[in-house]
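K.L.:
quick one, what's the 3D model for this:
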Amino acid sequence: MGRSDRAQRMLPLGVLVVVTALDLGLGRDRIVLTLVVIAPLVAATALGRRATLAYGVLALILAALLGVYDELYTGNQLAAQTIRLIGIAAGTLAALVACTLRMRREAEVARLGEEAAAARAVLDTARTLQRHLLGPPPTLPTLHSAARYVPASRHAQVGGDWYDGFCLPDGGTVLVIGDVAGHDAEAAATMAEARGMLRGIAGTGPPSPAAVLTGLDRVLTDLGVPTLITVVVAAVHGGEGAVTLRWSNAGHPAPLLVRSDGTPELLARSPEPLLGIAPSSVRLDHELSLHPGDTVLFYTDGLVERREWDLDEGTDWLVGQLRQRGREPLDELCDGLLNELGGGTEDDVALLAVRVPAPVGQRE
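P.N.:
Purely as a prediction, here's the structure:
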């Protein structure tokens, strides 16, 4: 027990001592014994119900004894003394009620604090698990890149959003952004499974994003994975000054291209089905040329979906953001977009930004 605890326990007793000394010192014509009711009231602010009741009983006994000293049980004084004692008893009852309410409030605060600490621990664990499932941000030798993942603020769980980037045996680079339906451990497990299978298919199959998605869809169907997945797979080939981007989109928000002059372009094409709906559907590759300084942003829908927006409004917002900041360094670009979310998201957000570097002789 610390000094402050001992002081809190002794304070009501000190009140009784001071009141007794005043009553005895001032004489029988100065009646201050009613002030003993302060003792249980003080006890109610820091001590438990038993201690509060004990000080209340002690105050009542002390008031009764001081009444004998002050000769308050004779003549006209008896009725007044009886009222004083009843008042002290009522004050003790009020102190007990106040003490009970305080203790309930303290218990509720403690419970909420424990729940908040537990929620923080779960969220920290979930974030650590998600980072391990995603792996480190991709290092791409032919492209500048930056990646971010932010879990939904309303979920203390892992989710199904992911990004990926890896090199092919032929020297090309594969870029992936995907989203498994759900915000739980099952979605995260499916994400990790799909991510690994996609890497295997892309590394051994034809260099066609559409073929990779078709193969992944069929494998997931054969394995009986009961989920829906949106994903964009892109392949980048070429060197300095001559880079080709080929991509296929399975129901995912369209990537955004920012040309070196800052002009944004939504890479929207005819929509194709999500994985898990029609594994035999025909998927198409789309192709365009990238030039030094061009940036491509891949993202999940948590970046553009808001309760107050529809998807088109969110996409327009993102286009406007990239028009303003699309030529910023990629880390600043990703952090700036996430900062615009105001510190909380209703859905997970994954970002993957890549930029074609300028030829060596043209770099600053």
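K.L.:
give me the next element, helix or strand, following the host helix or strand of Thr82.
P.N.:
Using DSSP states H and E, the element containing Thr82 is helix 77-134. Next helix or strand after helix 77-134 toward the C-terminus (DSSP H and E): strand 144-150.
K.L.:
which strands or helices does the very next helix or strand once past that following strand pack on?
P.N.:
Proceeding C-terminally, strand 144-150 gives way to strand 161-167 as the next helix or strand, assigned by DSSP H and E. Secondary-structure packing of strand 161-167 (3 or more C-beta pairs under 8 Å, 6 or more residues apart in numbering; DSSP states H and E): helix 77-134, strand 144-150, strand 173-180, helix 185-204, strand 349-355. Where C-beta positions appear, they are placed from N, C-alpha and C, glycine not excepted.
K.L.:
closest to Pro12 out of the ones you listed?
P.N.:
helix 77-134 (9.7 Å; C-beta to C-beta).
K.L.:
show me what the closest one is packed up against.
P.N.:
Other elements packing on helix 77-134 under the criterion 3+ C-beta pairs under 8 Å, 6+ apart are helix 38-44, helix 49-69, strand 144-150, strand 161-167, helix 185-204.
K.L.:
out of these, flag the one nearest Val296.
P.N.:
Across the helices and strands packed on helix 77-134 (criterion: C-beta to C-beta), the nearest stretch is strand 144-150, sitting at 10.0 Å.
K.L.:
coming back round to it: any chance of the helices and strands packed on helix 77-134 in CSV, plus mean pLDDT?
P.N.:
Compiled in CSV, the helices and strands packed on helix 77-134 are given as follows (pLDDT from 0 to 100):
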stretch, mean pLDDT
helix 38-44, 85
helix 49-69, 84
strand 144-150, 91
strand 161-167, 91
helix 185-204, 86
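K.L.:
adding distance to Ala107, write the ones you listed out as CSV.
P.N.:
CSV is the format used below for the helices and strands packed on helix 77-134 (distance: least, C-beta to C-beta, whole Å):
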stretch, distance to Ala107
helix 38-44, 15
helix 49-69, 13
strand 144-150, 35
strand 161-167, 39
helix 185-204, 32
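K.L.:
okay, the ones you listed in TSV with distance to Gly224 and mean neighbour count next?
P.N.:
Shown next, in TSV, are those (distance: least, C-beta to C-beta, whole Å; neighbours: other C-beta atoms under 10 Å):
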stretch	distance to Gly224	mean neighbour count
helix 38-44	64	26
helix 49-69	60	19
strand 144-150	28	20
strand 161-167	21	23
helix 185-204	12	18
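K.L.:
of the ones you listed, which approaches Asp310 most closely?
P.N.:
Asp310 lies closest to strand 161-167 among the helices and strands packed on helix 77-134, at 20.2 Å (C-beta to C-beta).
K.L.:
and of the helices and strands packed on helix 77-134, who's closest to Val258?
P.N.:
Distance to Val258, taken as C-beta to C-beta, is lowest for strand 144-150 among the helices and strands packed on helix 77-134, at 12.9 Å.
K.L.:
output stretch 45-61 as CSV, restricted to C-alpha atoms.
P.N.:
What follows is stretch 45-61 as a C-alpha-only set of coordinates in CSV (Å, rounded to 0.1, in the frame of the first residue of the first chain):
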residue,chain,number,x,y,z
THR,A,45,-14.9,8.9,-2.7
ALA,A,46,-12.0,6.5,-2.3
LEU,A,47,-12.8,3.5,-0.1
GLY,A,48,-15.1,0.5,-0.4
ARG,A,49,-18.6,0.0,0.8
ARG,A,50,-17.6,-1.8,4.0
ALA,A,51,-15.2,1.0,5.0
THR,A,52,-17.8,3.6,4.1
LEU,A,53,-20.4,1.9,6.3
ALA,A,54,-17.9,1.4,9.1
TYR,A,55,-17.1,5.2,9.1
GLY,A,56,-20.8,5.9,9.0
VAL,A,57,-21.5,3.8,12.0
LEU,A,58,-18.5,5.3,13.8
ALA,A,59,-19.7,8.8,13.0
LEU,A,60,-23.2,7.9,14.4
ILE,A,61,-21.8,6.5,17.6
